[in-house]
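# Sequence first, predicted model second:
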Amino acid sequence: MRAAASILPLAFDRVDLAVDGRRLVADLSFALAAHGTTVLLGPNGAGKSVLLRLAHGLLAPTAGAVRWGGDGGRIAGTKRHAMVFQKPVMLARSARANLTHALAAAGLGWSARRARADAALARFDLGALAERPARLLSGGEQQRLAIARAWALDPEVLFLDEPTSQLDPHVTRVIEEMLRGLAAEGRTLVMATHDLGQARRLADRILFLAAGRLVEDAPAAAFFHEPSSREAVAFLAGDLVV
Amino acid sequence: MEFAAVLTAGWDLVRGATPGFWPIVALSLRVTLTAVGLAALLGLPLGALVAVVRFPGRGAVVVLVNTLMGLPPVVAGLVVYLVFSRSGPLGTLGWLFTPTVMIVAQTVLVLPIVVALTRQVVEDLWREYAEHLRSLDLAGIAAVPTLLWDARFSLATVLLAGFGRASAEVGAVLIVGGNIAGHTRTMTTAIALETSKGDLPLALALGGVLILLTFAVNAVAWTAGRFGARFAAHTPG
Amino acid sequence: MIRLARRSLLAAAVLGALVPAALAQSAPEKTTIVVASTTSTQDSGLFGHILPLFTAETGIEVKVIAQGTGQALDTGRRGDADVVFVHAKAAEEKFVAEGFADKRLPVMYNDFVLIGPKADPAGIRGTTDIAAALRAVHDKAAPFVSRGDRSGTHQAELALWKTAGVDLDRSKGDWYREIGQGMGAALNTASAMNAYVLADRGTWIGFKNRGDLDVVVAGDKRLFNQYGVMLVSPTRHPHVKAAAGQAFVDWLVGPKGQAAIAGYRIGGEQLFFPNAGQPGA
């Protein structure tokens, strides 16, 4: 099912985004090559959500360039990266139909859609919710469905924008387990969070942002053991980063 | 004028004692429902497009369409009449004084309502869905089918608003149709005629039947909507 | 993405196939002609009586558009009617002079009556001098409803004011109410306002909302109202159904049509008097 070619590495080359004269992110440069889970960490307004959207193509840089491998992030015309949002977007139809809608948008035929949707429902234990209206599901069920929907598209890279910030600890644990499973399949995860504990639990690599700049880029163990930037030290200590 | 006279006239209508009544009802429904159908076919996609596609002059288009929601039916009728008159640009079609041109005139009245309200409904939905749909490569015109289907219950109400406007108007169908007995007489033009003949109980009875008809259409739509919503919420055993 | 668009195109195609079916006119089995006429001939019920006789004899169906005389003549000018049948001789002759019809033929006459409240503020009840009556209405500024719609009745009314020596442009006051609508609406308004109004006898007899109104002046020769019929010129408007239209004109002025017109009565009273052969009518 996975194509031979890859859309990685993803390279940010001195990326700026300014809106109405305000600089949201400045001079972002990094490369995403290997598999594993990269966590974007930083205080509110640091630019984590903006970075994810620049990578996924929902925003365009005002300076610098975002470069994907493959054909602009696609292989044979199919986009190989997907995104899960902080507040899950559910269409006004059943859970299963939300899955098949995304698969149809990706160009799958009717029987392929049905098979893949069934696989997603089974893999993430959502079978009992299949025919329920997605908008009536609980927050946790909706987010699990959103992740299942993204998985169904078979992405090489999955972007997640604070996926559990609005959910209770029990559901958070379930979702973190799902994400570990996705990473174990060999997919690359890029996740923004402001939950330090979650970052410690899931990250292989940390990109630490403050005030729109990439302040530190380090393997997770090194970062938590000995952060090198003033902002990261303050953040990890629980101080406000100004 | 007595209430009893109105009731008697109404009963005579419904039991078929007044000749020509049921054909008038059938024509009214045929003209209005077809006009709403055409306005839906054209207006739903158009309204959705205006909602999601940014194009130069979009603001002016929105204001214009909103304004046309209040287009007086007589004015619409007059313009359509001039277009389809034998001396007009489309006169050779020979549609004047036939139900076809009445459908055209009512479509002209209903279309702005459908476009303007669809735009509003879809724009609100697009605000919520935009990032997710764009993530799926459904941007601009490609997002329209998804948005229209997801907004289906609100859009049903929009179409009912259009139906109400069309079934209630008399100015447009009177001018373009000519209120010809047996051919282009609708409920509203019949009411106008009976009023001008001074037969007010009959006019009121006709009005009562028209209101009941509109009520019935709305009741059917309401139950269909509830059934549809319940069906979508069906939980497997 | 393509599949979604395809599904909605299918839905659109289905709807698009149903709509022409609804729009389709049932194929006419008989010839039909459009006759632009006045509200008085329709509202009095005359057409309801004579047209079935015509259709039974010729198989031609007549679709009547009932408008005011001015609008009916305009409809004829545009070529939207095959035959024009109104009651304003001067306007009809102008229509012929402009080339929209080859000739005008007299068909029948009825009479106007002055309707007014039983209380009769102008004090004219029972007189047969319409000019004097109108002068009295003007002098006493009694409420008067005018059709104000360029119809035959309206034009007759204006001519009568002139005969009465009243210059409306100068003396029009609050008592003179122009409503711009048909005969039925004018009678409704007069009934509600307890005002005087000039009406054709046919519409008055069929009118049900009389309130306090009754006939106050009738019988003056100047109240006679002549109807004429014209075939819209096929030279001017080639699409006009000339043969069928001419058949209708011929029938109206011929013995069968004239008899049908004379045979129409309400409550035993004859409303329209055929006079097709009358010179100068």
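Nice, thanks for sending it over.

# how far away is residue C:260 from chain A?
Per Cβ to the nearest Cβ, to the nearest Å, residue C:260 is found 65 Å from chain A. No exception for glycine: its C-beta is placed from N, CA and C like everyone else's.

# doesn't residue C:51 make contact with that residue?
No. The criterion here is Cβ atoms under 8 Å, and residue C:260 misses it with residue C:51 at 9.1 Å.

# Past the longest helix anywhere in chain B, which element shows up next along the chain?
As assigned by DSSP state H, the longest helix anywhere in chain B is helix B:99-135. Downstream of helix B:99-135, the next assigned helix or strand under DSSP states H and E is helix B:144-150.

# got the angle for the helix or strand just after that next one vs helix B:99-135?
As assigned by DSSP H and E, the chain's next helix or strand after helix B:144-150 is helix B:152-168. If you take axes from the mean of the first three to the mean of the last three Cα atoms, to 10 degrees, helix B:152-168 sits at 160 degrees to helix B:99-135.

# ok now helix B:152-168, how far from the chain's centre?
6 Å (Cα atoms, centre = their mean, to the nearest Å).

# try stretch A:172-179
Centre-to-centre, stretch A:172-179 and its host chain are 14 Å apart (Cα atoms, centre = their mean).

# cool, stretch C:208-226 as well?
The chain centre lies 16 Å from the centre of stretch C:208-226; the measure is Cα atoms, centre = their mean.

# Output that stretch as PDB, nothing but the C-alphas.
Extracted C-alpha coordinates of stretch C:208-226, given in PDB (Å, rounded to 0.1, in the frame of the first residue of the first chain):
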ATOM      1  CA  LYS C 208     -72.100  41.200  -5.000                       C
ATOM      2  CA  ASN C 209     -70.600  43.700  -2.600                       C
ATOM      3  CA  ARG C 210     -73.000  46.600  -3.000                       C
ATOM      4  CA  GLY C 211     -73.100  47.900   0.500                       C
ATOM      5  CA  ASP C 212     -75.300  51.000   0.400                       C
ATOM      6  CA  LEU C 213     -75.000  51.600  -3.300                       C
ATOM      7  CA  ASP C 214     -77.700  51.600  -6.000                       C
ATOM      8  CA  VAL C 215     -78.300  53.000  -9.500                       C
ATOM      9  CA  VAL C 216     -79.000  56.700  -9.300                       C
ATOM     10  CA  VAL C 217     -78.800  57.800 -13.000                       C
ATOM     11  CA  ALA C 218     -79.500  55.700 -16.100                       C
ATOM     12  CA  GLY C 219     -81.000  55.900 -19.500                       C
ATOM     13  CA  ASP C 220     -79.300  59.000 -20.900                       C
ATOM     14  CA  LYS C 221     -78.300  58.400 -24.500                       C
ATOM     15  CA  ARG C 222     -74.900  59.700 -23.700                       C
ATOM     16  CA  LEU C 223     -74.400  56.700 -21.400                       C
ATOM     17  CA  PHE C 224     -74.400  54.200 -24.300                       C
ATOM     18  CA  ASN C 225     -71.200  52.300 -24.600                       C
ATOM     19  CA  GLN C 226     -70.100  50.900 -28.000                       C
END
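
# what comes up buried for it?
C:209, C:213, C:215-218, C:220, C:223, C:225-226 (16 or more other Cβ atoms under 10 Å in any protein chain shown).

# try stretch A:22-37
Counting neighbours by 16+ other Cβ under 10 Å, one finds that the buried residues in stretch A:22-37 are A:23-26, A:28, A:32, A:35-37.

# How many neighbouring residues does residue B:202 have?
Per other Cβ atoms under 10 Å in any protein chain shown, the neighbour tally for residue B:202 reads 24.

# wait, it sits on residue B:8?
No. Using Cβ under 8 Å, residue B:202 makes no contact with residue B:8, being 9.7 Å away.

# Closest to the centroid, which residue in chain A?
Note on chain A: the residue nearest the mean C-alpha position is residue A:159, at 1.7 Å, using Cα atoms, centre = their mean.

# Now do the helices in chain A.
Remark: helices assigned in chain A by DSSP H are A:48-56, A:95-105, A:110-123, A:139-152, A:169-184, A:196-202, A:220-225, A:230-237.

# got the angle for the second one vs helix A:139-152?
Taking the same axes, to 10 degrees, helix A:95-105 and helix A:139-152 form an angle of 30 degrees between their directions.

# Which strands or helices does helix A:95-105 pack on?
Counting contacts by 3 or more Cβ pairs under 8 Å, 6 or more residues apart in numbering or on different chains; DSSP states H and E, helix A:95-105 is packed against helix A:110-123, helix A:139-152, helix C:2-23.

# Run through the residues that contact the closest residue to chain B within chain A.
Per Cβ to the nearest Cβ, residue A:89 is where chain A lies closest to chain B, at 3.7 Å. Each residue near residue A:89 by Cβ atoms under 8 Å, 6 or more residues apart in numbering or on different chains is listed here: A:146, B:128-129, B:131-132.
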